[in-house]
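[1] Give me coordinates for this.
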Amino acid sequence: MTDQEKDLLIQLLTKFTSLTPEERANDKSLMKAKVDVEKTVGSDLLDAKIDDGNDGFPTVMTIAQMAEFLQIGISKAYEMSHWRGFPAVHIGRQVRVPKKALLEWLAQQKQREQSNKPQLKVIGKKVR
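    Residues are numbered from 1 along each chain as shown. Model prediction:
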């Protein structure tokens, strides 16, 4: 586990558990807490790395990072985080958006939009 991954894990675990400074320093305690939290939030969120691509955005984004990623305003990003079906994780008053889930959600929205477009059909050609 790299230092960067360890820092992210500590940040996520402290949201869900009460780790002492000694436990944070102990890799064994971190892994035990990780297993406990995985049961609650799922392993996909915790196994995420800080940055999984070359786009410079973290795997689990804040609302401000999501707004920048989507190139929208922060108010709209907060509004979206409360939409039904939007892949936001609310942790107390904080909101996180897994990048992979966001990209999947966007693809679903695109498919839904395309399926709702009326198909134009040529019924007959006008004869002159």
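
[2] And stretch 75-92, end to end?
    End-to-end distance of stretch 75-92 (CA to CA, to the nearest Å): 19 Å.

[3] Report the buried residues of that stretch.
    A77, M80, S81, P87, A88, V89 (16 or more other CB atoms under 10 Å). Every residue, glycine included, has its C-beta placed from N, CA and C.

[4] tell me which of the residues you listed is nearest to Q108?
    P87 (10.0 Å; CB to CB).

[5] Quick check: end-to-end length of stretch 85-94?
    18 Å.

[6] And for stretch 74-94?
    By CA to CA, one end of stretch 74-94 lies 14 Å from the other end.

[7] now do stretch 72-91
    23 Å.

[8] Quick one: mean pLDDT for it?
    Averaged over stretch 72-91, pLDDT sits at 92.

[9] Can you list the helices and strands that the longest helix anywhere in the chain packs against?
    Identified as the longest helix of the chain according to DSSP state H is helix 99-116. Here helix 99-116 touches strand 60-61, helix 63-70, going by 3 or more CB pairs under 8 Å, 6 or more residues apart in numbering; DSSP states H and E.

[10] can you do 10 Å?
    With contacts defined as 3 or more CB pairs under 10 Å, 6 or more residues apart in numbering; DSSP states H and E, the packing partners of helix 99-116 are helix 43-46, strand 60-61, helix 63-70, strand 94-98.

[11] Any regions of the protein where pLDDT drops low?
    1-21, 23-27, 29-31, 33-54, 118-128 (pLDDT under 70).

[12] rewinding a little: between the longest helix of the chain and helix 63-70, how many degrees?
    With axes from the mean of the first three to the mean of the last three CA atoms, to 10 degrees as the basis, helix 99-116 and helix 63-70 are set at 50 degrees to each other.

[13] buried stuff in helix 99-116?
    For helix 99-116, by 16+ other CB under 10 Å, it's K99, A101, L102, W105.

[14] just to revisit the earlier point, show me the one of the helices and strands packed on helix 99-116 that comes nearest Q114.
    helix 63-70 (19.2 Å).

[15] So which residues make contact with the closest one?
    For helix 63-70, contacts defined as CB atoms under 10 Å, 6 or more residues apart in numbering pick out 55-58, 61-62, 72-78, 80-81, 88, 94-97, 99, 102-103, 106.
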